[in-house]
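>>> okay, sequence plus prediction incoming.
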Amino acid sequence: MSRWSGDSTDGAARAAVEPIAALVGVLAVGAGLAFYVVALDAATPTPVDRSADAALDVVERELTVGGIVRPSRRHDLEWQTPVTVEIETDRRTWRTGLGGAVPRPAGELDPREAVVATRPVSVAIRPGETVSGRLRVAVHR
């Protein structure tokens, strides 16, 4: 038999829920929210320090003439932040800059002390002679 809005019913019989069923429902919703938060946290990208990439772009622009890095121009750089600029070829390494980053014995900078960005470049080692090398910029923390 169907009920109509005009039918009189006992108020206690309507909208009654068993306490166990209500508790299970609350726990299921809570568990769903917890899984969602964990998944959302895992999907959030970690921030990347782009300061070394930006500094590398600026330094390369300042050191490059005609697409070739000129190590002699590294003395003309104006430092506003503590950075180390390194130009490396098979024959020689030029290093200049401000800051306290000390290279490892292999000539590498410790990534715990600085954010490092590297790019392959052509390096003029003397007039008329160009070799491949790497331009490395470390922004000190």
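That came through, no problem. Numbers count the residues shown, from 1 in each chain.
>>> going along the chain, name the strands of the chain.
Assigned strands in the chain, in chain order: 64-65, 68-69, 83-88, 93-97, 114-126, 129-140 (criterion: DSSP state E).
>>> please identify which of those is closest to V26.
Distances from V26 to each of the strands of the chain were compared using C-beta to C-beta; the minimum, 46.6 Å, belongs to strand 114-126. Where you see a C-beta, it was placed from the backbone N, CA and C, and this is true even at glycine.
>>> distance from the chain centre to that closest one, please.
Shown here is strand 114-126, whose average C-alpha point lies 21 Å from the average C-alpha point of the whole chain (C-alpha atoms, centre = their mean, to the nearest Å).
>>> output the contacting helices and strands for it.
Counting contacts by 3 or more C-beta pairs under 8 Å, 6 or more residues apart in numbering; DSSP states H and E, strand 114-126 packs against helix 51-63, strand 68-69, strand 83-88, strand 129-140.
>>> among the strands of the chain, which comes closest to L40?
Nearest to L40 among the strands of the chain is strand 114-126 (27.3 Å), distances taken as C-beta to C-beta.
>>> deepest-packed of the helices and strands packed on strand 114-126, please.
Among these, strand 83-88 has the highest mean neighbour count (mean count of other C-beta atoms under 10 Å), at a mean of 22.
>>> now do the helix or strand bottoming out on mean pLDDT in the chain: distance to the chain's middle.
Least confident element among the helices and strands of the chain, by mean pLDDT, DSSP states H and E: strand 93-97 (a mean of 83). The offset between the C-alpha centroid of strand 93-97 and the centroid of the whole chain comes to 25 Å, using C-alpha atoms, centre = their mean.
>>> just stretch 73-81 next, same as before
Using C-alpha atoms, centre = their mean, we find the averaged C-alpha position of stretch 73-81 to lie 25 Å away from the chain's own average C-alpha position.
>>> so what touches that stretch?
Counting contacts by C-beta atoms under 8 Å, 6 or more residues apart in numbering, the residues outside stretch 73-81 that touch it are 51, 55, 59, 62-63, 65, 85, 87, 94, 96-98, 139-140.
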